[in-house]
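*Asks:* missing the sequence, but the structure's below:
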């Protein structure tokens, strides 16, 4: 029987969907991670204690409980150090509890699992699978690679112009401080992959800058959350249009263009921003947030609720592997204005169930907003179309697509 090992240190919605798909198809051997909440286990019980609710974000279905292999101590150390403001312990790449150290630690454990057990394949994610892939090559089993965001060389090509174009926002730009060793690991992982999965056509396009030959790249868009069938549309006449942004407060997300787009439209729109970032070190960001409704953080449930109360989600990202907030907003009947450098082109028909605009330009965002101000009645129509789109691709569609794709490749592999 074909059973594989899946590796991801923290887990998220798309990882859960892959696990569920593999489990239902009998493909899941082991899932290596840091912390996982399944009904009845210790972390599930701890998540009910004050200050520990963040563990609920690591929830998985009971069906994968027997496959769950946890290596929690470094991640628990990271959570503690973060709460205690011990920045040196979680510093980029160097800190003992840094994200990079945690990824490499899980990679070590999953590599050792291959030494001791008989698996048919490895499924891993960027930055945390190099050693396991290398071991898989020795035992001659296929390596499936999931790239959740665009290729690093393309990221630098897209974002480097921003450093000169909008220098005041530079403190928010990440991704330029990765060491050469980390970048080599990324390239090594790609080189060893037998199949590469991405969630958007944009991410696939970024791989064109890889300097060598790559395995086949398959685009499988993520699923949508459950649709909010109770969404009600209040009349937009006589009130401001409610705009919403949810995400990291980085220029990678195109924040400067969003704020420029609404400049001077304050009589007609109100903007709410939800997210965290380098506010203290970025005076222009701090100034912009003082002019809108700013919420540092919300639970996932409350984010969805806020989306359902908003008229439009703005997501003008300059470089995005997918952008789950786009599908979340659409599931709540809230249309999205986003760029061609996100999942938008794969799931949105511009003008029908949302709007696509060119990245790194405030003018097209402003044009869409001004059009909405003049024709606010379109919001309900486009919002309902967005909800219909979301209803056609729930998460289980993604789960099935991923499981069937891996099954197909395993069959081809076994026939060779």
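*Replies:* Alright, I've got the coordinates. Everything quoted here is computed from the prediction, not taken from an experiment.
*Asks:* Give me the phi and psi for residue 389.
*Replies:* Phi and psi for residue 389, reported as degrees, to the nearest 10, are phi -60, psi -40.
*Asks:* Counting neighbours, what do you get for the closest residue to it other than its chain neighbours?
*Replies:* Leaving aside its sequence neighbours, residue 389 sits nearest to residue 353 (CB to CB, 6 or more residues apart in numbering; 4.8 Å). Just so you know, the C-beta spots here come from the backbone N, C-alpha and C atoms, and that holds for glycine as well. Look at residue 353: counted by other CB atoms under 10 Å, it has 21 neighbours.
*Asks:* do the same with residue 287
*Replies:* For residue 287, using other CB under 10 Å, the count is 11.
*Asks:* What mean pLDDT does stretch 127-135 get?
*Replies:* For stretch 127-135, mean pLDDT is 96.
*Asks:* Likewise for stretch 156-168?
*Replies:* Mean pLDDT, computed over stretch 156-168, is 94.
*Asks:* starting at the chain centroid, how far to that stretch?
*Replies:* Centroid separation for stretch 156-168 versus its chain: 22 Å, with CA atoms, centre = their mean, to the nearest Å.
*Asks:* buried set for that stretch?
*Replies:* For stretch 156-168, a neighbour-count test (16 or more other CB atoms under 10 Å) marks 158, 159, 162, 166 as buried.
*Asks:* again with stretch 123-133
*Replies:* Neighbour counts using 16+ other CB under 10 Å place 123, 124, 125, 126, 127, 128, 129, 130, 131, 132, 133 of stretch 123-133 among the buried residues.
*Asks:* who's in contact with residue 89?
*Replies:* 77, 78, 81, 95, 96, 97, 98 (CB atoms under 8 Å, 6 or more residues apart in numbering).
*Asks:* domains of this protein?
*Replies:* Residue ranges for the domains of the chain, per automatic domain parsing: 4-223+395-415, 241-391.
*Asks:* follow-up on the earlier one: so which of the contacts of residue 89 belong to strands?
*Replies:* Among the contacts of residue 89, no residue falls in strands (DSSP state E).
*Asks:* buried subset of these?
*Replies:* Buried among the contacts of residue 89 (16+ other CB under 10 Å): 77, 78, 81, 95, 97, 98.
*Asks:* Now the residue lying farthest from the centre of the chain. Its backbone dihedrals?
*Replies:* Residue farthest from the centre of the chain, counting by CA atoms, centre = their mean, is residue 238 at 36.3 Å. Main-chain torsions, residue 238, degrees, to the nearest 10: phi 80, psi 10.
*Asks:* Next one, pLDDT for it please.
*Replies:* We note a pLDDT of 82 for residue 238 in this prediction.
*Asks:* and what of residue 415?
*Replies:* Taking residue 415 on its own, its pLDDT is 58.
*Asks:* Output the contacts of residue 89 as CSV; include the columns distance to residue 365.
*Replies:* Below are the contacts of residue 89 laid out as CSV (distance: CB to CB, whole Å):
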residue, distance to residue 365
77, 42
78, 36
81, 38
95, 37
96, 42
97, 39
98, 35
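*Asks:* Tell me who's in contact with the closest residue to residue 59 other than its chain neighbours.
*Replies:* Closest residue to residue 59 in three dimensions, ignoring its sequence neighbours and counting by CB to CB, 6+ apart: residue 37, at 4.5 Å. If you count contacts by CB under 8 Å, 6+ apart, residue 37 has them with 43, 44, 47, 55, 56, 58, 59, 60.
*Asks:* From residue 68, how far out is residue 37?
*Replies:* 10 Å (CB to CB, to the nearest Å).
*Asks:* One more: residue 240?
*Replies:* Distance of residue 240 to residue 68, computed by CB to CB: 47 Å.
*Asks:* just residue 211 next, same as before
*Replies:* Distance, residue 211 to residue 68, using CB to CB: 38 Å.
*Asks:* ok, these two, which is more surrounded?
*Replies:* Between residue 211 and residue 68, counting by other CB under 10 Å, residue 68 is the more crowded of the two (17 against 6).
*Asks:* pretty sure that one contacts residue 60?
*Replies:* Yes - counting by CB atoms under 8 Å, residue 60 is a contact partner of residue 68 at 6.8 Å.
*Asks:* what residues are shared contacts of those two?
*Replies:* In contact with both residue 68 and residue 60: 31, 36, 38, using CB under 8 Å, 6+ apart.
*Asks:* From the residues you listed, which land in strands?
*Replies:* residue 31.
*Asks:* Have a look at the shared contacts of residue 68 and residue 60 and tell me the least confident one.
*Replies:* Lowest pLDDT among the shared contacts of residue 68 and residue 60: residue 38, 84.
*Asks:* Without its sequence neighbours, what residue ends up closest to that one?
*Replies:* Residue 38's closest residue in space is residue 65 (CB to CB, 6+ apart), at 4.3 Å.
*Asks:* The one you found falls within a helix, correct?
*Replies:* Yes - using DSSP: H, G, I helix; E, B strand; the rest coil, the secondary structure at residue 65 is a helix.
*Asks:* you'd agree it is up against residue 43?
*Replies:* No - the criterion here is CB under 8 Å, and residue 65 misses it with residue 43 at 11.7 Å.
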